[in-house]
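Trainee: Sequence below, structure please.
(3 chains)
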Amino acid sequence: MVDQAAQIDYEGLLNPAQLQAVTTLEGPVLVIAGAGSGKTRTLVYRVARLVEEEIPPDNILLLTFTRKAASEMLERAAGLADERCRRVSGGTFHSLAHRVLRSHAERLGFGPRFTIMDRADMEEVVQSLVKDLHVGKGSVRFPKRSTLATILSKAVNLQTSVESLVEEEFSQFLEYAGHLQTLGELYRSYKRNNQLMDYDDLLINLRRLLKEHEDIRRLLAEQYRYIMVDEYQDTNGIQAEIIRWLSADHGNVMVVGDDSQSIYSFRGASFRNMFEFPEIFPEARVIKLEENYRSTQPILSFTNALMARASQKYAKCLTTRRTGGDPPRAVDTRTEPEQAAFVRGLVQQQRERGRPLSDIAVLFRAAFHSFELELELARHDIPFVKYGGFKFMESAHIKDLLAHLRVAANADDAVSLGRILRLVKQIGPGKSQAIAEWLKESGREPHHIGEWPGAGKRHSGLETLASVLERISKPDQSPREAVETVTAYYEPILRERFDDFPKRMNDLQQLPNMASRYRSLRSFLDDLTLEPPTSSADLEPQRPSDCLTLSTVHSAKGLEWPVVVVIWVMEGYFPSPRAYGNEDDLEEERRLLYVAATRARDDLYLCYPGMESRPVRYASGGVEGYFHGGLSSFVRELPEEVLVHGTNRQLARPRRAPDRRALRAMAGFEGRGKAEGLRLGDRVKHPAFGPGVISRFRGEDKVEVLFRNAGRKLLHLEYTTLEKM
DNA sequence: CATCACGCTGTTTTT
DNA sequence: CAGCGTGATG
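Mentor: Numbers count the residues shown, from 1 in each chain, chains lettered A, B, ... in the order given. Down below sits the predicted model:
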């Protein structure tokens, strides 16, 4: 080991509260840490301190919100103390659960080969079980698959029955409460029968293991004698219980969090865990970190004023020793395209002043809120990386490919088997079901599907698939080879099924490299599920070295930038109106803005398309709530002095709306498309986007066109803007 | 039985 | 805008 210079000078490097947190090594500790108060720093130093005190790194457990956060912290600790810090166990609750369950799941009746399902898998299974409920045909209002998954998952995470959750939070589905309850039970037994665990099961099953198997609890408590939990405000009741069991024997547990940054209630997280910690561990020390090391005082005055309006919180007031700084600017950008142009202008202006793009981040609530801005940035050649909302793993072609690997890794994975069977020509829902049943009855492995008697004589499609499965099921195939085998088989299918074949094929070509880092298919698939890529940059690391960051607020947690621009797209704006049914939603929205604003070191811009608040009632469900004009409702209720108000005119001239008449003049059509003989699949040309294919008719005067070269896949266009080719 | 076309409808964030 | 269910078509 490297012989580090003298001991770390903790007193000189930490403030008194941080120092207390770092040097209290035994017993339960609750650290209430405001944004930018050196929370991560405190954890890093504490890891270093523990290691310095000769605590074996294997005995330290650092639970964080993402695995990336954990490895970065351990990296930093290693830089401070020594290399041993890297051997500390770090990760998310889910990855810990996964690790433990892979070795002990047989105690719960699972084999070691269980498959982890992501959200999309869960939806697929749940949807497939709906038919067993025998809900009347006329039930138009039955929740769709994603809502079903949300309901079932939330009931688990809130530890309540489906029925009472529906009563509480999904009253529009009250008439189906019984059906949903049954669906939950069907789903549970389906998972048991097919060796499947979803994200929630990982937590539930770890808790069960700890609760019901004393020996395993002892084993883990002995292994992890010092436990630290970051972002404790984002844990749910199950996770809190896991912590309680893990540390029941020794009580050496430090949890760190900020109730004001709790933004995951949608998955059952509750900052109440922070208040309850001292009740579970009555001897807990409580340490508050209130000095902020990140932002200027004007930014903090704004965020303090914002949170002062919150009704549920640990009161704290952040201050800094930094002097100077401008108050945040609140800018009414009026409309979304103007907002995009404004932000682009802002970025250009900062750049001209010599700021690197990497100093700037644009944050927003939902991933699609940045679409307009992405187009605008592309038009002006401003490079950016986007984090959040990137569903690489959920795109159909990736799921198709991985489904083959999953069948090879777990023959019981009926969802994946069905998926790959349906890709074969002439095999649809009916036959795939029949094949799966035949396999089960005859006790054969999936790679025997070529022998299926129902095919009549021989079925070449099934036989080809069977040989692929046989090849990739061989233990001597490396994950990389398996991926390549399946890609070769899948390529013609992909070409046939998707119009944008080249882009999708390019995605698939990223997979072999990812796979080559793994020794088994199983671990490759597990990692992809537990830590899917969150940005396109994760796939193509050769991005420009200096680029702007675009991120959802959720993905920006724990990060900071000198300049932060927050854009809150106008609510009620297409595609979907957002209504706030209750005060809790509004409170979380406020905390979200708090998280976004506290990412800023020096300059903060708040952009919102101003629109009046107004009451709204869904036509269908009768849910009452109100739209609000993005940030405007928060901004309006704050004292004048914490913000400078402005309009976009000061910094950028609004882009002119596209001139429809000019486009029409350029168009080759006079009448309506369909009437003029346009058909699906016809090739057309657009003056701006180039050649494309008609993919769908929408109503009387719109058509969907697929453009291969445009940044966007699909566009709605009036027929008259198109030229027939 | 598989596949295609079209009308209807509406919350989002992630392990 | 995109997913879903349904009815028409092969």
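
Trainee: Surely residue A:433 is in contact with residue A:418?
Mentor: Yes: with contacts counted by Cβ atoms under 8 Å, residue A:433 reaches residue A:418, the gap being 7.3 Å. No exception for glycine: its C-beta is placed from N, CA and C like everyone else's.

Trainee: which of those two has more neighbours?
Mentor: The neighbour count for residue A:433 versus residue A:418, taken as other Cβ atoms under 10 Å, is higher for residue A:418 (19 against 15).

Trainee: before we move on, what SS does that one have?
Mentor: helix (DSSP: H, G, I helix; E, B strand; the rest coil).

Trainee: Could I get the full set of helices for the stretch 451-600 of chain A?
Mentor: In the stretch 451-600 of chain A, the segments counted as helices under DSSP state H, counting those that start in this stretch are A:460-473, A:479-497, A:501-508, A:511-515, A:521-530, A:536-539, A:583-597.

Trainee: mind putting these in CSV, distance to residue A:284 and mean neighbour count included?
Mentor: CSV is the format used below for the helices of the stretch 451-600 of chain A (distance: least, Cβ to Cβ, whole Å; neighbours: other Cβ atoms under 10 Å):
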stretch, distance to residue A:284, mean neighbour count
helix A:460-473, 51, 18
helix A:479-497, 45, 17
helix A:501-508, 48, 15
helix A:511-515, 42, 17
helix A:521-530, 30, 20
helix A:536-539, 38, 16
helix A:583-597, 24, 20
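
Trainee: Dump those to JSON lines, plus distance to DNA strand B and mean pLDDT.
Mentor: Compiled in JSON lines, the helices of the stretch 451-600 of chain A are given as follows (distance: least, Cβ to the nearest atom of the strand, whole Å; pLDDT from 0 to 100):
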{"stretch": "helix A:460-473", "distance to DNA strand B": "10", "mean pLDDT": "90"}
{"stretch": "helix A:479-497", "distance to DNA strand B": "8", "mean pLDDT": "90"}
{"stretch": "helix A:501-508", "distance to DNA strand B": "15", "mean pLDDT": "81"}
{"stretch": "helix A:511-515", "distance to DNA strand B": "16", "mean pLDDT": "90"}
{"stretch": "helix A:521-530", "distance to DNA strand B": "6", "mean pLDDT": "90"}
{"stretch": "helix A:536-539", "distance to DNA strand B": "11", "mean pLDDT": "76"}
{"stretch": "helix A:583-597", "distance to DNA strand B": "6", "mean pLDDT": "83"}
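
Trainee: Which one of these lies nearest to residue A:237?
Mentor: Checking the helices of the stretch 451-600 of chain A against residue A:237 by Cβ to Cβ gives helix A:583-597 as the closest, at 16.5 Å.

Trainee: could you say what helices and strands the closest one packs with?
Mentor: Contacts defined by 3 or more Cβ pairs under 8 Å, 6 or more residues apart in numbering; DSSP states H and E place helix A:583-597 against helix A:297-308, strand A:561-567, helix A:632-636.

Trainee: Need the winner for burial among the ones you listed.
Mentor: Burial of the helices and strands packed on helix A:583-597 is given as mean neighbour count (mean count of other Cβ atoms under 10 Å); strand A:561-567 ranks first at a mean of 23.

Trainee: Mean confidence (pLDDT) on it, please.
Mentor: Regarding strand A:561-567, the rounded mean pLDDT is 94.

Trainee: Could you do stretch A:425-442 as well?
Mentor: Mean pLDDT, computed over stretch A:425-442, is 87.

Trainee: same question, stretch A:637-652
Mentor: Averaging pLDDT residue by residue across stretch A:637-652 gives 73.

Trainee: To residue A:56, which of the helices and strands packed on helix A:583-597 lies closest?
Mentor: That would be strand A:561-567 among the helices and strands packed on helix A:583-597, by Cβ to Cβ, at 37.4 Å.

Trainee: Parallel or antiparallel, which strands does that closest one pair with?
Mentor: strand A:360-364 (parallel), strand A:600-608 (parallel) (DSSP bridges).

Trainee: Report whether it contacts DNA strand B.
Mentor: No: judged by Cβ under 7 Å from any atom of the strand, strand A:561-567 makes no contact with DNA strand B; its nearest approach is 13.8 Å.

Trainee: And the contacts of that strand?
Mentor: Strand A:561-567 is contacted from outside by A:339, A:343, A:346-347, A:350, A:355, A:359-364, A:369-370, A:373, A:549, A:593, A:596-597, A:599-608, A:631, using Cβ atoms under 8 Å, 6 or more residues apart in numbering.

Trainee: Do me a favour and average the pLDDT over the helix or strand containing residue A:238.
Mentor: Here residue A:238 sits within helix A:237-246, counting by DSSP states H and E. Across helix A:237-246, pLDDT averages out at 95.

Trainee: now for that helix, which elements pack on it?
Mentor: Counting contacts by 3+ Cβ pairs under 8 Å, 6+ apart, helix A:237-246 packs against helix A:93-104, helix A:199-212, helix A:214-223, strand A:226-229, strand A:253-257, helix A:272-280.

Trainee: do that again at 7 Å, thanks
Mentor: If contacts are counted by 3 or more Cβ pairs under 7 Å, 6 or more residues apart in numbering; DSSP states H and E, helix A:237-246 sits against helix A:199-212, helix A:214-223, strand A:226-229.

Trainee: Tell me which of the ones you listed lies nearest to residue A:509.
Mentor: helix A:199-212 (28.4 Å).
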